[in-house]
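Asker: mind folding the following:
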Amino acid sequence: MTDTPPADRRRFRITLTQQIMVGLVLGCLIGWLSPSFGISLQLISDLFLRLIKMVLGPLLFTTLVAGIAGAGAKVVGRLGLKAILWFELATTVALFIGLAAANLVKPGAGAAPAVDVHKLDALAKTKSASQFLLDAFPTSMFDAMARNDVLQIVVFSVFLGLAVSAAGSKARLIKEIAEAGSEAMFKLVGYVMRFAPFGVCAAIAVTIGKNGSGMLVSLAKCLGTLYAALLVFFALLFLAMKILTRAHMPTFLKAIREPALIAFTTTSSDAALPRAMQVLEQLGIPRRIVGFVVPTGYAFNLDGSTLYLSLAVVFVAQAGGMDMSWGEQLGAMLVLMAASKGVAGVPRAALVVLYSVATPLHLQPEGVAALLGIDALMDMGRTCVNVVGNCVATVVVAAWEKAIPADAPIFGRHAALGSSPQIPTAEVVREPPGSANEG
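Answerer: Numbering: from 1, shown residues only. All right, here's what the predicted structure looks like:
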């Protein structure tokens, strides 16, 4: 016997999650020990994000059209109502956690930062509610795909999927093409994710290289308060998911590690969205639900951003010497929640929203400008929470629909056999020809 048994070869395989963790550690070391070299890795980080964006539009389009064409208008309406209900419940909880943390720790008390307010002028501007509604409908599907406008792609795909469903057998070819395209796009996501460790390494090296650690001292209290509040929110979110779905949490947490790490290091929901959809389907969530809830939550379920905004608005008030009552804080939150919808594609979206409402809420712009120094590090946490929150929302909605098979991996059936849950992931060793592995 000269061939190495398959069991022996598998011991030396490194999963994608492990590769990403190695990339994360290396990136931190590079950014810390050699900031200039870390910043020079911007090209690799941008290349990874471009590969993700290359896949994003076609993936959403084919998945949504195929899923909705098979589900019909009644199912889509029911899914939408359940998704919106969960989105609003989760964001409300996040809002109160942020407010409670800010009032308990008082991170802005005594912080009177002297910063250049003109730095805020470079931020993008938020949209009014009417403009947001209008911009949700594309003038051209090709234009929406070219710009990777997630909300416009979702709107068009939903309408086309409903039309294909209503047309029945006459439009069967379109449905079959969408289903085949969806399969191909998920396979392509697996190929792109092989580059993720390099992209993660470069992204975190650039972040640390640009920001350093000196500027964090004066604002460390605010940064620490945010991450503590995010951890509390995670605990409540996972507890609610366990109660509502009876999911096997170790299996779920193992599956979402990769999209969570990608979101954390790249500060981009776009970068994590394709892999999040892939692992949710591998957990046994039907593709039609994954394809609808995840991209919809991208625009409407910003748990991490909502929590950050609730904490940041109180921080800015405290830094400016204001003493906001609970009524004023809740009023500010209603304004911020309305203003934050649909800005997921805007760079530094949460900070943009905060700045746009600073004057109406009588906040000092100096306090907002002070957050610019640590916004990159805060953005990492809130983007990660946004992505994980949408993964949880998808599982909850699928459970409410009773659409998850009883033998799905999300329920830990593999763990019941005495082995660790097997969630398919990309690996260093390439699969042999003919393999059916979608990861």
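Asker: any regions of the stretch 201-350 of the chain where pLDDT drops low?
Answerer: Applying pLDDT under 70 to the stretch 201-350 of the chain flags the ranges 211-219, 338-349.
Asker: if you could redo that for the stretch 51-200 of the chain, that was the one I meant.
Answerer: Using pLDDT under 70, the stretch 51-200 of the chain drops low at 108-129, 132.
Asker: which residues in it form strands?
Answerer: Applying DSSP state E, counting those that start in this stretch to the stretch 51-200 of the chain gives no strands.
Asker: which stretches in it count as helices?
Answerer: With DSSP state H, counting those that start in this stretch as the criterion, the stretch 51-200 of the chain has helices at 73-105, 129-135, 141-147, 150-167, 172-193, 196-211.
Asker: possible to save those as JSON lines with distance to Val385 and mean neighbour count?
Answerer: From N, CA and C alone the C-beta is placed, and that goes for glycine too. Shown next, in JSON lines, are these (distance: least, Cβ to Cβ, whole Å; neighbours: other Cβ atoms under 10 Å):
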{"stretch": "helix 73-105", "distance to Val385": "8", "mean neighbour count": "18"}
{"stretch": "helix 129-135", "distance to Val385": "22", "mean neighbour count": "12"}
{"stretch": "helix 141-147", "distance to Val385": "26", "mean neighbour count": "15"}
{"stretch": "helix 150-167", "distance to Val385": "18", "mean neighbour count": "20"}
{"stretch": "helix 172-193", "distance to Val385": "21", "mean neighbour count": "17"}
{"stretch": "helix 196-211", "distance to Val385": "17", "mean neighbour count": "25"}
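Asker: and these as CSV, adding distance to Ala247?
Answerer: Shown next, in CSV, are the helices of the stretch 51-200 of the chain (distance: least, Cβ to Cβ, whole Å):
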stretch, distance to Ala247
helix 73-105, 15
helix 129-135, 33
helix 141-147, 34
helix 150-167, 25
helix 172-193, 22
helix 196-211, 25
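Asker: so for Leu60, which of those sits nearest?
Answerer: Smallest distance to Leu60 across those (Cβ to Cβ): 5.0 Å, for helix 150-167.
Asker: gap between the closest one and the chain center?
Answerer: Relative to its parent chain, helix 150-167 has a centroid offset of 23 Å by Cα atoms, centre = their mean, to the nearest Å.
Asker: for the one helix or strand Leu334 maps to, packing partners?
Answerer: Counting by DSSP states H and E, the element that carries Leu334 is helix 326-340. Under the contact criterion of 3 or more Cβ pairs under 8 Å, 6 or more residues apart in numbering; DSSP states H and E, helix 326-340 touches helix 73-105, helix 303-319, helix 349-356.
Asker: CSV please, covering those and showing distance to Gly297.
Answerer: Below are the helices and strands packed on helix 326-340 laid out as CSV (distance: least, Cβ to Cβ, whole Å):
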stretch, distance to Gly297
helix 73-105, 6
helix 303-319, 9
helix 349-356, 14
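Asker: no more questions from me, cheers.
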